[in-house]
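give me the fold of what follows.
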Amino acid sequence: MLLCYSTASGQFALAALSFFIIPLGLEFGWSRGDILFSTALLTMSQALVTPIVGRIIDRFGSKEVLMPSILLFGLLLAAIPLFISEIWHIYIIYLMMGSLACGSTAIPYLRIVGSWFNKNRGLAFGIAMSGGGLGFAYMPPLLQYMIDNHGWRSGFYVLAAIIIFIAFPLIAIVVRNTPSQMGLLPDGEVQKADDKIIPQEKAPKITLSELLQEKLIWHLYAIFVLLTFCLYGLMANFAPLLIDRGMETGSAALVVSTLGITVICSRVGIGYLLDKFFAPKVAMVCVIFSAIGIALLAAGAIGMAAFVAALFIGVSIGAEFDLLAYLTSRYFGMKSFGLIYGILFTGFLLGVSAGPFVFGAVFDHFGSYFIILTISSLLLIVIAGLMALLPKYKNI
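Now for the predicted structure:
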């Protein structure tokens, strides 16, 4: 599952586009803001479809949604070098990725993991979601090598091949929706006993109208909109930002890859800490680290300082998926996990939609990322304050 999730759209469509910005601009004359608007279309369409997909997953199961979605995602990536010649072509393809292949995102993976684990759910979420860090780690150097040596089109082809010929068969063979499919209970229990069933799992389903009346859902929504705006706005512009400052393309890719390796480590480590400590306090520390990392970039970090900034920022990117899933399960239970996570994920995606485009547009206007990096660093301090106001868990 970890390897399969490494190919999700956050890595292979959104972050990967960072490496195509300069070659696409050179060949077609498109601005960075124009190119990065495609990521906004991807994430906005995902935001609209995700709650529906979450409800479908709750009803029919994760694997039934995941398999066709991931296959379609791979085919759409392969279509980009074959068909694009105008900017609106890539817009259409990214829009299709977000709407038709939405089931290849984190929700089905997290729904499966949440069904299998309860006692160490934070750690389990962290291990599964570290696949995102794995993708961020191996994708940049592989993609940059293909672009430098075989042209930008080969980069899209290799991404599509990994999805279609590695991730898709693994999902078909390995993934199981629930422990009951193997005669087990969560955490590997083989005896059904009432005292081993966690109250969360008995919780009634929450309706959409009830959910929208919860103040907590809007508090969490605001946190994830702002957090992902800052982090993913930077992610989509990280490589060109460093190249603009004079770093070699290979070195810039290595910095981005370092961020990915940090995400792998932090997702597992933070997942473990979520089981031991109150999750919002853990998140506050992670967000403050990212505020420092982005402040370093605003100050002009390059070379070794850029690697340090990547390490600091990777801590928060390593926390966001774990935190979103963990807080959803602890505040609201698992019965309606797909729906509730889907609603919160729309906030996540709203920030992801706006961030890359705004970062790119600010660069196009001012010729520098300084202003948007400074604003993002300050916003992360505000987010840490919002984390401190979160209440105690309801379901434990």
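
after the strand or helix carrying residue 235, which helix or strand is next?
Using DSSP states H and E, residue 235 falls within helix 215-244. Scanning forward in sequence from helix 215-244 by DSSP H and E, the next helix or strand is helix 249-276.

for the helix holding residue 235, buried residues please.
Buried positions in helix 215-244, judged by neighbour count with 16 or more other C-beta atoms under 10 Å: 217, 220-221, 223-243. For the C-beta atoms, the positions are set from N, CA and C on the backbone; glycine is no exception.

before we move on, what about stretch 349-365?
Per 16+ other C-beta under 10 Å, stretch 349-365 contains these buried residues: 349-363.

so for it, mean pLDDT?
Mean pLDDT, stretch 349-365: 85.

alpha carbons only: can I get that stretch in PDB?
Taking Å, rounded to 0.1, in the frame of the first residue of the first chain, the C-alpha atoms of stretch 349-365 are listed here in PDB:
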ATOM      1  CA  LEU A 349      -7.700  20.700  -1.700                       C
ATOM      2  CA  LEU A 350      -8.900  24.300  -1.600                       C
ATOM      3  CA  GLY A 351      -5.600  25.300  -0.200                       C
ATOM      4  CA  VAL A 352      -3.700  23.100  -2.600                       C
ATOM      5  CA  SER A 353      -5.700  24.600  -5.500                       C
ATOM      6  CA  ALA A 354      -5.000  28.200  -4.600                       C
ATOM      7  CA  GLY A 355      -1.400  27.800  -3.300                       C
ATOM      8  CA  PRO A 356       0.600  26.900  -6.500                       C
ATOM      9  CA  PHE A 357      -1.400  29.300  -8.700                       C
ATOM     10  CA  VAL A 358      -1.000  32.200  -6.300                       C
ATOM     11  CA  PHE A 359       2.700  31.500  -5.700                       C
ATOM     12  CA  GLY A 360       3.300  31.400  -9.500                       C
ATOM     13  CA  ALA A 361       1.200  34.500 -10.200                       C
ATOM     14  CA  VAL A 362       3.100  36.500  -7.500                       C
ATOM     15  CA  PHE A 363       6.400  35.500  -9.100                       C
ATOM     16  CA  ASP A 364       5.100  36.500 -12.600                       C
ATOM     17  CA  HIS A 365       4.100  39.900 -11.200                       C
END
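
list of residues touching it?
Residues from elsewhere that reach stretch 349-365, judged by C-beta atoms under 8 Å, 6 or more residues apart in numbering: 10, 14, 17, 31-33, 35-37, 39-44, 46-47, 50, 224-237, 369, 371-372.

same question for stretch 286-298.
Under the contact criterion C-beta under 8 Å, 6+ apart, stretch 286-298 has outside partners 227, 230-231, 234, 241, 266, 270, 305-306, 308-313, 315-319, 369-370, 373-374, 376-378, 380-381, 383-384, 387.

which helix or strand lies directly C-terminal to the lowest-mean-pLDDT helix or strand in the chain?
Across the helices and strands of the chain, mean pLDDT, DSSP states H and E gives its lowest value to helix 199-202, namely a mean of 45. Counting by DSSP H and E, the next helix or strand C-terminal to helix 199-202 is helix 208-212.

determine the set of other helices and strands touching that following helix.
With contacts defined as 3 or more C-beta pairs under 8 Å, 6 or more residues apart in numbering; DSSP states H and E, helix 208-212 has these neighbours: helix 337-366.

residue 138: neighbouring residues, count only.
Neighbour count for residue 138, taken as other C-beta atoms under 10 Å: 16.

right, and it touches residue 6 too?
Yes. Residue 138 is within contact range of residue 6, at 7.4 Å (criterion: C-beta atoms under 8 Å).

run the angle between the helix holding residue 235 and helix 249-276 for me.
Angle between the axes of helix 215-244 and helix 249-276 is 160 degrees (criterion: axes from the mean of the first three to the mean of the last three C-alpha atoms, to 10 degrees).

now do helix 215-244, average pLDDT.
Confidence for helix 215-244, expressed as mean pLDDT, is 88.

by contact count, what packs against that helix?
helix 21-28, helix 32-60, helix 249-276, helix 279-298, helix 304-332, helix 337-366, helix 370-388.

take the fourth one, keep the C-alpha atoms, and write them as CSV.
This points to helix 279-298. The C-alpha trace of helix 279-298 is given here as CSV (Å, rounded to 0.1, in the frame of the first residue of the first chain):
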residue,chain,number,x,y,z
ALA,A,279,-2.4,15.4,18.3
PRO,A,280,-2.9,19.2,18.0
LYS,A,281,0.1,19.8,20.2
VAL,A,282,2.3,17.6,18.0
ALA,A,283,0.9,19.5,15.0
MET,A,284,1.8,22.9,16.5
VAL,A,285,5.5,21.9,16.8
CYS,A,286,5.5,20.7,13.2
VAL,A,287,3.9,23.8,11.8
ILE,A,288,6.4,26.1,13.6
PHE,A,289,9.3,24.1,12.1
SER,A,290,7.8,24.8,8.6
ALA,A,291,7.4,28.5,9.4
ILE,A,292,11.1,28.6,10.1
GLY,A,293,11.9,26.7,6.9
ILE,A,294,9.9,29.0,4.7
ALA,A,295,11.4,32.0,6.5
LEU,A,296,14.8,30.7,5.5
LEU,A,297,13.7,30.5,1.9
ALA,A,298,12.3,34.0,2.1
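
in that helix, what's buried?
Using 16+ other C-beta under 10 Å as the test for burial, helix 279-298 gives 279-280, 282-291, 293-298.

residue ranges in the chain under the pLDDT threshold?
1, 118, 176-208, 318, 321, 334, 394-396 (pLDDT under 70).

the closest residue to residue 31 other than its chain neighbours and residue 311, how far apart?
In this structure, residue 31 finds its nearest non-sequential neighbour in residue 364, 5.3 Å apart by C-beta to C-beta, 6 or more residues apart in numbering. Distance from residue 364 to residue 311, counting by C-beta to C-beta, to the nearest Å: 29 Å.

could you do residue 276 as well?
Going from residue 276 to residue 311 by C-beta to C-beta gives 23 Å.

of the two, who's got more company?
It is residue 311, of residue 276 and residue 311, that has more neighbours when counted by other C-beta under 10 Å, with 18 against 10.
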